[in-house]
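Participant: no sequence on hand, only this structure:
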């Protein structure tokens, strides 16, 4: 395929990615897809143990590594995976708590909040709100859960996913996710 053809096919995607980047606020754009993060920082107390567990699972071949793509495409991929995962919270229960999700590789947050009997998704959130249930994981584990290569109980037992927050709400969210990914 000619370079000009590739460019013309990618142009609409690049415009959409540019618009997404332009719409992000300065506080929100601090994830690893927007700036280089030097050293280690902690976005949640469980983020380092989860990152270590995911790194070990990838290096041992239990999880495949992520495809290396440019940061804007990686952001789109990660936001889509989190949105798909959050969709699993859709149930007949109308009293679900808000849930914040974080991908440890890039410190990328998303939030799912109850709205008119359904869950509303906010991609690229600033972080959790007080009282949120927090799901800490990484994109390789998330992808494996979504495509059925990883079961929920194995993800929890191996430290690839941690669910934190108020006890009752945490148990409710973990129970829904266990049913969806077992």
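Facilitator: Right, received. Where do you want to start? Everything numeric in this text was worked out from a predicted model, so none of it was measured. Residues are numbered from 1 along each chain as shown.

Participant: any idea of the mean pLDDT for stretch 49-64?
Facilitator: Predicted confidence along stretch 49-64 averages 95 (mean pLDDT).

Participant: list the buried ones in it?
Facilitator: 50, 51, 53, 54, 55, 57, 58, 62, 63 (16 or more other CB atoms under 10 Å). Placement of C-beta: from N, CA and C, glycine included.

Participant: swap in stretch 146-159?
Facilitator: 146, 150, 152, 154, 155, 156, 158, 159.

Participant: likewise stretch 66-81?
Facilitator: By neighbour count, and taking 16+ other CB under 10 Å as the criterion, the buried residues in stretch 66-81 are 71, 72, 74, 75, 76, 77, 78, 79, 81.

Participant: narrow those residues to those in strands?
Facilitator: Members of the buried residues of stretch 66-81 lying in strands (criterion: DSSP state E): none.

Participant: how about those residues in JSON lines, adding distance to residue 114?
Facilitator: What follows is these, written out as JSON lines (distance: CB to CB, whole Å):
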{"residue": "71", "distance to residue 114": "32"}
{"residue": "72", "distance to residue 114": "31"}
{"residue": "74", "distance to residue 114": "29"}
{"residue": "75", "distance to residue 114": "26"}
{"residue": "76", "distance to residue 114": "26"}
{"residue": "77", "distance to residue 114": "26"}
{"residue": "78", "distance to residue 114": "23"}
{"residue": "79", "distance to residue 114": "20"}
{"residue": "81", "distance to residue 114": "22"}
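
Participant: now, those that are in helices?
Facilitator: For the buried residues of stretch 66-81, membership in helices holds for 71, 72, 74, 75, 76, 77, 78, 79, 81, with DSSP state H as the criterion.

Participant: in which helix or strand does the closest residue to residue 112 other than its chain neighbours reside?
Facilitator: Take residue 112 and drop its neighbours on the chain: the residue closest to it by CB to CB, 6 or more residues apart in numbering is residue 86, 4.1 Å away. In the assignment (DSSP states H and E), residue 86 maps to helix 71-87.
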